[in-house]
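Chemist: build me a structure from this.
(chains A and B)
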Amino acid sequence: GENVEQHPSTLSVQEGDSAVIKCTYSDSASNYFPWYKQELGKGPQLIIDIRSNVGEKKDQRIAVTLNKTAKHFSLHITETQPEDSAVYFCAASRDNQGGKLIFGQGTELSVKP
Amino acid sequence: ETGVTQTPRHLVMGMTNKKSLKCEQHLGHNAMYWYKQSAKKPLELMFVYNFKEQTENNSVPSRFSPECPNSSHLFLHLHTLQPEDSALYLCASSLAQGRTSETQYFGPGTRLLVL
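Modeler: Numbers count the residues shown, from 1 in each chain, chains lettered A, B, ... in the order given. Now for the predicted structure:
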């Protein structure tokens, strides 16, 4: 079945620096890749997603890139702020699979002021 | 707020107790999901309901029993749980479980501790 690997498991950056989190997937038919942010005591919240027909998507300080050939996708956060501190999860799914999302293990991002 | 609420937020129960978790979504969605989130592990899909019909049971032990009386409400009935069932239980919803992948919106979760 599909497997999603996420790295690193923890990431610490200085405020204002950039942060990059990487995920690889095993099922070449996967075509939907959301990223979720989970703050302490809350459920995961969608922050950005990308479908396989595009290679990059940006939303203000957040961007996601997708390399279908290599089967990996990355989350880029620029000009990090303390409120970006959270656990970030990547996920992958494919059509005709009942919307089943396969999640990565999560990355705990800490932004130091 | 994501439009998905869960109650209770915290629950402590003994192994012989029976309890229920409740999820309600106010988004007009037709698909609802139960996930289990354990420390240091990826989210695990447990059950999926689409238009009130169960479409996925991810080999979940029978001590977990889901119920979906309508598209807005989802329950997870718990009985004779084990300590290893302690985890954060998350509910999510999406527009519908169709051919293409839809965005899922999560509730805040119920933190369950089994003693």
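Chemist: just the helices in chain A please.
Modeler: Along chain A, no segments are classed as helices by DSSP state H.
Chemist: those residues of it touching chain B, which are they?
Modeler: Residues of chain A found near chain B (Cβ under 8 Å from any Cβ of the partner chain) are A:4, A:31-32, A:34, A:36, A:41-46, A:49, A:89, A:93-106. For every residue, glycine as well, the C-beta is placed using N, CA and C.
Chemist: mind listing the strands for chain A?
Modeler: For chain A, applying DSSP state E gives strands covering A:4-7, A:10-14, A:19-25, A:32-38, A:45-51, A:56-59, A:62-67, A:72-77, A:86-92, A:102-103, A:107-112.
Chemist: hmm, I typed the wrong one, I wanted chain B.
Modeler: For chain B, the strands defined by DSSP E occupy B:4-7, B:10-13, B:18-25, B:31-37, B:44-50, B:53-57, B:64-70, B:73-79, B:87-94, B:105-106, B:110-114.
Chemist: including mean pLDDT, mean neighbour count and distance to A:His76, could the ones you listed go into TSV?
Modeler: As requested, the strands of chain B are exported to TSV (pLDDT from 0 to 100; neighbours: other Cβ atoms under 10 Å in any protein chain shown; distance: least, Cβ to Cβ, whole Å):
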stretch	mean pLDDT	mean neighbour count	distance to A:His76
strand B:4-7	97	18	28
strand B:10-13	96	14	35
strand B:18-25	97	18	31
strand B:31-37	95	24	25
strand B:44-50	93	20	27
strand B:53-57	89	13	33
strand B:64-70	96	15	38
strand B:73-79	97	19	35
strand B:87-94	96	24	25
strand B:105-106	94	22	23
strand B:110-114	96	18	32
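Chemist: got those as TSV, with distance to A:Leu66 columns?
Modeler: Shown next, in TSV, are the strands of chain B (distance: least, Cβ to Cβ, whole Å):
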stretch	distance to A:Leu66
strand B:4-7	27
strand B:10-13	38
strand B:18-25	29
strand B:31-37	24
strand B:44-50	23
strand B:53-57	26
strand B:64-70	34
strand B:73-79	32
strand B:87-94	21
strand B:105-106	22
strand B:110-114	34
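Chemist: turn those into JSON lines, including distance to chain A.
Modeler: Below are those laid out as JSON lines (distance: least, Cβ to the nearest Cβ, whole Å):
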{"stretch": "strand B:4-7", "distance to chain A": "7"}
{"stretch": "strand B:10-13", "distance to chain A": "10"}
{"stretch": "strand B:18-25", "distance to chain A": "11"}
{"stretch": "strand B:31-37", "distance to chain A": "6"}
{"stretch": "strand B:44-50", "distance to chain A": "6"}
{"stretch": "strand B:53-57", "distance to chain A": "6"}
{"stretch": "strand B:64-70", "distance to chain A": "15"}
{"stretch": "strand B:73-79", "distance to chain A": "14"}
{"stretch": "strand B:87-94", "distance to chain A": "5"}
{"stretch": "strand B:105-106", "distance to chain A": "4"}
{"stretch": "strand B:110-114", "distance to chain A": "9"}
